[in-house]
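In: Next input, structure requested:
(one chain, ligands or ions: 2)
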Amino acid sequence: RPHESAEPTVTVLVSVGLALAAYSLVAALVPQLAPHLVNKGLCGKDMLKPGFRRAEPALEQEAKRPHSPEATGVIGAAVYILLLALFAPLPYLSHLLPSSFHPAALPSLNTTAAQLVLPDGDPCAALLLEGSLAFPHHSFATYLASLLSLLIATFLGFCDDVFDIRWRFKLPIPIIASVPLLVTYAAGHGVTDVVLPRVFRIRELLGAVATNGVVHLGPLYYLYMSMLSTFCTNSINILAGVNGVEAPLVIALSIILNDLLYLTFSLSPLVPLLPYLPAALAARLPPAEALAGMSWTAGFAHGSRALADRHAFSLYFMLPLVGVCFGLLKHNWYPSRAFVGDTFCYFSGMAFAVVGILGHFSKTLLALFVPQVANFVYSTPQLFGLVPCPRHRLPRLDPATGTLVPSWAVVPPRALRTRRQEVGVALLCALERVGLVALRREPPAPPAACSNSGGGGEAKGDVIGCTNLTVLNLLLLRAGSVREDALTRRLAACQVVGSVGAFALRYGAGRWAYGE
Ligand code: UD1
Ligand code: MG
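Out: Ligands and ions are numbered 1, 2, ... in the order given. Next up is the predicted model:
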C-alpha cells in the first residue's frame, strides 16, 4: 500500500495547528458576527437566567436583557469545514508532489509501471498514469464524503434553527446525510460482520446465524450505521438547554485519546525545530541524533497499518473539532453570551458518526455516548408520546435561590388520557418507585377512588404532573439543586466517568470477552 505515509507525525502536528487556528478564529468571530445573527432574528432568551419570566415585576430590568444570538455553531462549523478543506491535500502530499511520480519512489508499483508504458512510448504519460494509480483515491473519496455529510448536517441544523423542523423530519434527514459515508464504507470493502463475545460462541445456540462466532449482518449493518448518524446528531440536541452542555468536548477528547492509543509517532520531525527552541528546553531534550531515531509509542499501539490509518483519519477530524468546541465554549460557558444552536449539535454529532463509521469503532463510540444514550432511553416515554412532552424540557430556575430545579410536565387528568398515556402513567409510577422521577398528584381521594396505586392498594391521588424525563432534571432530582454552571460540571463529570468506563470496557472487558 504505497499511498500510506510512513508516519503521521507531521500531519498530526499540522492538525494540532489547525485546532489552535480553529479556536482563535471561532473565539474571535463569534462576538463579531453574533450581532448579525440577532439582527436576522436568530436569537433566543436564556431561560435559566433571572428575568426570563416577564411576569415578575421585580425582575423587569433583567427582562430587558437583549436576546442571545442563536446558531453561533454555524460560525464554528464554517471555520471547521474551511480548515479541513485547506488540510485536504496534506495527508496526500507525497502523492501530489512530482517526486512521487518517479518509479523509484514507488517500489511496490515498479512491476506495474513496466506494464503501463503506453504504446507510443511516452514515458511522461506512463509516469502520470502510474501516479494516478498510486494516488489513494478511495481514501480521498472517504475524506470528501465525510466533508459532504458534515455539510449536510450543518445545513440541516441551520434549517432547524431557522424553521424549527418537526421531529418526524429531524430523524430521517441525518440518515440521508450518511448515505455518502455508507457508499465509501461499502466501496472500501467495509466489514459488515459482528464478532460475538466468547461467551456467546456456542455452536448449538447460534447455528446458522454465526460461523466461528461471527454474525454476518450484511445490509442490517448499513441500517445500524445510518441509525448511528441520526442517534449521534439528535442525542446531543436533546441533552441541551444548560449553558455549556451542547459543546461535546469530553467525547471529542476521549476519541482523540482512543486514536492516540493506535498510533506511533516518530520524533524525527522535531529535529529541525531544535535550534529554535529555548536553550533551557533544548538542553533537556536528547541530542539530535538520538531524537531522530526515537519514536513515541502509545501503550496499546497495534501493528496493523490500516488500523493506524483509520485512527489518523479520525484524529484529523477530531483535533480541529476540539478547537471549535473550546472557541464556542468561551462564549457559551455560564453565563452564556451566545447559544451554539441546533446547527452545532447536528454538526458535531455528524462529526462523531463520521469518525465512528469510517474509523470502524462505532461500538466504542456508542460507549463514549453513555450520558446521551441514558438521556435518550430515559426520554423515550416523552419522545414517543406516552407522557406529554412540552416544547422545552430544560430545568427551571428557582429565582429565590438562583439554583436550578427540575422542570415539570403536565399529565392530563385520568378522564382525558389516551390509552397510550395510561401506559405512560403506569410507567411513571414504576419509575417513581425506583426514585427516577418525581410525581405530582391530586390530593388523595377516599380509598375506593384511588388510582395509579400500581395495584398495591396505596391511597395515592391521581398523577397530574411529572418531572421532565431528562438526565439534567434527574441529576437535580437525585443530587440536589445547584447553580447552572455546577450542573454543567456535574454532567461533564458523568461524561468523564462514562468515558473511563468505555475505555475499561473496550480495553479490559472487551479484550477478555473477544479473546484479543
Ligand atoms: C431541545 C430539547 C428541549 C430543550 C431544548 C433546549 C427535547 C425533545 N428537546 O429542543 O427539551 O428545552 O433542546 O436547548 O428534549 N436555551 C437556554 N439555555 C441554553 C441553551 C438553550 O435557555 O444554554 C434555550 C434558548 O431559549 C434557546 C433555546 O433553548 O433559544 C434553543 O432551543 P432549541 O435548540 O430550538 O430546542 P430543541 O433542540 O428543539
Ligand atoms: Mg437544540
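In: make it CA atoms for all contacts and neighbour counts henceforth
Out: Noted.
In: for the helix or strand hosting residue 331, packing partners?
Out: Under DSSP states H and E, the secondary-structure element containing residue 331 is helix 305-332. Under the contact definition 3 or more C-alpha pairs under 8 Å, 6 or more residues apart in numbering; DSSP states H and E, helix 305-332 sits against helix 9-39, helix 73-87, helix 249-260, helix 341-358.
In: out of the ones you listed, which comes closest to ligand 2?
Out: With C-alpha to the ion as the measure, helix 341-358 is the member of the helices and strands packed on helix 305-332 nearest ligand 2 (4.3 Å).
In: how much does the closest one deviate in direction from helix 73-87?
Out: Angular relation of helix 341-358 and helix 73-87 on a 0 to 180 degree scale: 40 degrees, by axes from the mean of the first three to the mean of the last three C-alpha atoms, to 10 degrees.
In: Direction included, what does the lengthiest strand in the chain pair up with?
Out: Scanning the chain for the longest strand, with DSSP state E as the assignment, gives strand 463-467. Paired neighbours of strand 463-467 in the sheet (DSSP bridges): strand 408-410 (antiparallel), strand 439-441 (antiparallel).
In: May I see these arranged in a markdown table, with mean neighbour count, mean pLDDT and distance to residue 191 as well?
Out: Conversion of these to a markdown table gives the following (neighbours: other C-alpha atoms under 10 Å; pLDDT from 0 to 100; distance: least, C-alpha to C-alpha, whole Å):
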| stretch | mean neighbour count | mean pLDDT | distance to residue 191 |
| --- | --- | --- | --- |
| strand 408-410 | 19 | 97 | 44 |
| strand 439-441 | 17 | 95 | 47 |
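In: Can you lay out those as JSON lines showing distance to residue 349?
Out: Written out in JSON lines, the entries for these read as follows (distance: least, C-alpha to C-alpha, whole Å):
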{"stretch": "strand 408-410", "distance to residue 349": "27"}
{"stretch": "strand 439-441", "distance to residue 349": "33"}
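In: Run the angle between the helix holding residue 331 and helix 9-39 for me.
Out: Comparing the axes of helix 305-332 and helix 9-39 via the same axes, to 10 degrees yields an angle of 30 degrees.
In: Helix 305-332: how far from the chain's middle?
Out: If you compare the mean C-alpha spot of helix 305-332 with that of the full chain, they lie 10 Å apart, counting by C-alpha atoms, centre = their mean, to the nearest Å.
In: Report whether it contacts ligand 1.
Out: No - applying C-alpha under 6 Å from any ligand atom, one finds helix 305-332 out of contact with ligand 1, separated by at least 7.3 Å.
In: So for that helix, what gets flagged as buried?
Out: Neighbour counts using 16 or more other C-alpha atoms under 10 Å place 307-332 of helix 305-332 among the buried residues.
In: Contact residues of the protein facing ligand 1?
Out: Taking C-alpha under 6 Å from any ligand atom as the criterion, the chain approaches ligand 1 at residues 44-48, 237-238, 240-243, 339, 341-342, 391-394.
In: Please name whichever of the strands paired with strand 463-467 is nearest to ligand 2.
Out: If you check each of the strands paired with strand 463-467 against ligand 2 by C-alpha to the ion, strand 408-410 wins as the nearest, at 18.5 Å.
In: List the contacts of residue 22.
Out: Residues in contact with residue 22 (C-alpha atoms under 8 Å, 6 or more residues apart in numbering) are 76, 79, 80, 83, 320, 321, 323, 324, 327.
In: For residue 321, see how far away the third one is.
Out: Spatial separation of residue 80 from residue 321 under the definition C-alpha to C-alpha, to the nearest Å is 7 Å.
In: picking that back up, tell me the most buried of the helices and strands packed on helix 305-332?
Out: When the helices and strands packed on helix 305-332 are scored by mean count of other C-alpha atoms under 10 Å, the highest mean neighbour count falls to helix 341-358 (a mean of 27).
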